[in-house]
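Participant: please find the sequence and the predicted model below.
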Amino acid sequence: MSTLPIPAWTEAGAASDPNRPVLVFLHGIGGGKQGFAAQLAYFADRGYRALAWDMPGYGDSALVAPCDFDGLAKALLRLLDQAQVARAVLIGHSMGGMVAQQAWTLCPERIAGLVIAASSPAFGNSNGDFQTQFVAQRLAPLDAGQTMADVAQALIPRMVAPGYQGAGLVLAHRCMAAVPPATYRAALQALVQFEQRAALPTITVPTLCLAAEHDSTAPSEVLRRMAEKIPGAQFAVLPGAGHLLCFEQPEAFNAVIHSFLIQAFAPS
């Protein structure tokens, strides 16, 4: 009998205060657990236990089959079990925000709160031709023999705020360059099938929808409309940041989330 793989993760800190929930960071399609090092350090210093996973197929995690959002959410549940996390605040960036939404539909009892950053409740237009063209466009460099480092070099500058030249560029490039081509292909195929708009009104835990001012991939209006559909959700925009807001402005990203956590999980 085969055993389903448990995703790899890294963590920092220990939750000694019951009012500080365990935090689990979920990266985007070009990320990895190493991309959240600043977040783990920040929240560990403030008394939280914080984990960051390698999504299946990334870093030290085996790819799951089929690689769809249901399979990714189930992999996340296996990680929570292995890490002995009864309930967590899921903090998902981009595709990671989609995994967080999918997890809510699968195991809401394991979720204490949600931070959905630079993400959306569905992948754009559900038209099959649109999806096919999007995947073909993103995969064209690989099909032409380029490497993931080449893909990162071309794509990342278009995903950050105009004129951004900070240290986050190096980390974002390092993360994306390390993604196996097969994983990137599988993740893109999963991405274009994502649809959880109907789940938004069912979310009953504290939720923050966090947008970035210069994000054309997940525009702030999309996050604002998401927040309107989730009962009691908060909405915030990070000024001067693009789609890779956690790389571009880690201090501001952390501070906004910390403020949300303090408010949402303050002792009653």
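Facilitator: Received the coordinates, thanks. Residues are numbered from 1 along each chain as shown.

Participant: grab the nearest non-local neighbour of Ile91.
Facilitator: Excluding its sequence neighbours, the residue lying closest to Ile91 (Cβ to Cβ, 6 or more residues apart in numbering) is Val115, at 4.2 Å. Every residue, glycine included, has its C-beta placed from N, CA and C.

Participant: distance check, that neighbour against Gln234.
Facilitator: Relative to Gln234, Val115 is positioned 10 Å away (criterion: Cβ to Cβ, to the nearest Å).

Participant: now list whatever residues contact both of those two.
Facilitator: Both Val115 and Gln234 are in contact with 207-208, 260, where contact means Cβ atoms under 8 Å, 6 or more residues apart in numbering.

Participant: in strands, which of these appear?
Facilitator: Secondary structure from DSSP state E places 207-208 of the shared contacts of Val115 and Gln234 in strands.

Participant: shaky segments in this structure?
Facilitator: 1-2, 124-127, 268 (pLDDT under 70).

Participant: quick one: the helices in it?
Facilitator: 37-45, 69-82, 95-106, 128-143, 148-155, 168-177, 181-191, 220-229, 245-248, 250-264 (DSSP state H).

Participant: which neighbouring elements make contact with the shortest one?
Facilitator: The reference is to helix 245-248. helix 168-177, strand 207-212, helix 250-264 (3 or more Cβ pairs under 8 Å, 6 or more residues apart in numbering; DSSP states H and E).

Participant: any idea how far the residue nearest to Gly35 when sequence neighbours are not counted lies from Leu191?
Facilitator: Counting by Cβ to Cβ, 6+ apart, Gly35 lies nearest to Cys175, which is 4.7 Å off, once chain neighbours are set aside. In this view, Cys175 and Leu191 are 17 Å apart by Cβ to Cβ.

Participant: the two: which has the busier surroundings?
Facilitator: Cys175 (24 against 21; other Cβ atoms under 10 Å).

Participant: wait, isn't the residue nearest to Ile91 in contact with Ala211?
Facilitator: No: contact criterion Cβ atoms under 8 Å: Val115 and Ala211 do not qualify, at 11.7 Å.

Participant: the more surrounded of those two?
Facilitator: Val115 (29 against 25).

Participant: residues contacting that one?
Facilitator: 89-92, 100, 207-208, 210, 257, 260.

Participant: equivalent analysis for Leu245, please.
Facilitator: 93, 117-118, 210, 212, 215, 238, 252-253.

Participant: same deal with Gln82?
Facilitator: Gln82 neighbours (Cβ under 8 Å, 6+ apart): Ile6.

Participant: again with Ala65
Facilitator: Gly71.

Participant: do Asn254 as well
Facilitator: If you count contacts by Cβ under 8 Å, 6+ apart, then Asn254 has 38-39, 42-43 around it.

Participant: kindly reformat those as a markdown table containing neighbour count.
Facilitator: Below are the contacts of Asn254 laid out as a markdown table (neighbours: other Cβ atoms under 10 Å):
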| residue | neighbour count |
| --- | --- |
| Ala38 | 16 |
| Gln39 | 22 |
| Tyr42 | 21 |
| Phe43 | 25 |
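
Participant: tell me the one among those residues nearest to Pro66.
Facilitator: Closest approach between those and Pro66, by Cβ to Cβ: Gln39, at 29.6 Å.

Participant: that closest one against Gln249, yeah?
Facilitator: No: applying Cβ under 8 Å, one finds Gln39 not in contact with Gln249, separated by 11.9 Å.

Participant: overlap of the contact sets of those two?
Facilitator: Shared contacts of Gln39 and Gln249, counting by Cβ under 8 Å, 6+ apart, come down to nothing at all.
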